[in-house]
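**Q** Model the structure of this input:
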Amino acid sequence: MGVYRTAMGKAIDMSALAAKNERVRAVGNVKNLNARGDTIDVNGKIIVPVTEKTNNTYGRTVGNRSSHASKRPVTSIQPDRVVIPQEQLTMAEKELEASFDDDLEVEKIKAEEIKSTEIKNKKK
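**A** Modelled structure (predicted):
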């Protein structure tokens, strides 16, 4: 939303207006809703919040457990490395393979350094 000008030249901040009236009963052909989208009763008390409705709809649409948050640690799956005989590789590919192995060693060293600094920081 944003700031709009009326025909008379007045500025209206639509975001502020919507935020100010989000708990007010909505006007329209859908009954029992406030302007925010919550289901309300006759007295205006929230029965079902819009966030709960959104979560339920998303869960039904996706239809699997991956849509629900869990506290399990994320495990990474690494693909198997395809081994091609050295005779079939060109010189550029051989150099690339050698540099790949070097890069793996460098990454392992970096990971160990990061772990050691994290352990030192936790002790402080």
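**Q** Give me the domain ranges for the chain.
**A** The record's domain parsing of the chain by automatic domain parsing lists 25-66, 86-123.
**Q** a markdown table for these, including mean neighbour count?
**A** From N, CA and C alone the C-beta is placed, and that goes for glycine too. Shown next, in a markdown table, are the domains of the chain (neighbours: other CB atoms under 10 Å):
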| stretch | mean neighbour count |
| --- | --- |
| domain 25-66 | 12 |
| domain 86-123 | 10 |
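**Q** I'd like those written out as CSV, with mean pLDDT and distance to Ala16 added.
**A** Output for these, formatted as CSV (pLDDT from 0 to 100; distance: least, CB to CB, whole Å):
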stretch, mean pLDDT, distance to Ala16
domain 25-66, 84, 13
domain 86-123, 83, 43
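**Q** Dump these into CSV; add distance to Met8 as well.
**A** What follows is these, written out as CSV (distance: least, CB to CB, whole Å):
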stretch, distance to Met8
domain 25-66, 23
domain 86-123, 61
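**Q** ok, which stretches of the protein are strands?
**A** 3-5, 11-13, 39-40, 46-48 (DSSP state E).
**Q** From the contact counts, what lies against the last one?
**A** It refers to strand 46-48. Judged by 3 or more CB pairs under 8 Å, 6 or more residues apart in numbering; DSSP states H and E, strand 46-48 is in contact with strand 39-40.
**Q** What helices and strands are in contact with the strand it packs on?
**A** strand 46-48.
**Q** just how off-centre is the strand it packs on within its chain?
**A** Computed by CA atoms, centre = their mean, to the nearest Å, the chain-centroid distance of strand 46-48 equals 26 Å.
**Q** partners of that strand in the sheet?
**A** Neighbouring strands of strand 46-48 in its sheet, by DSSP bridges, are strand 39-40 (antiparallel).
**Q** How about residues contacting the partner strand?
**A** The contact list for strand 39-40, computed with CB atoms under 8 Å, 6 or more residues apart in numbering, reads Arg25, Asn32, Leu33, Asn34, Ile46, Ile47, Val48, Lys53.
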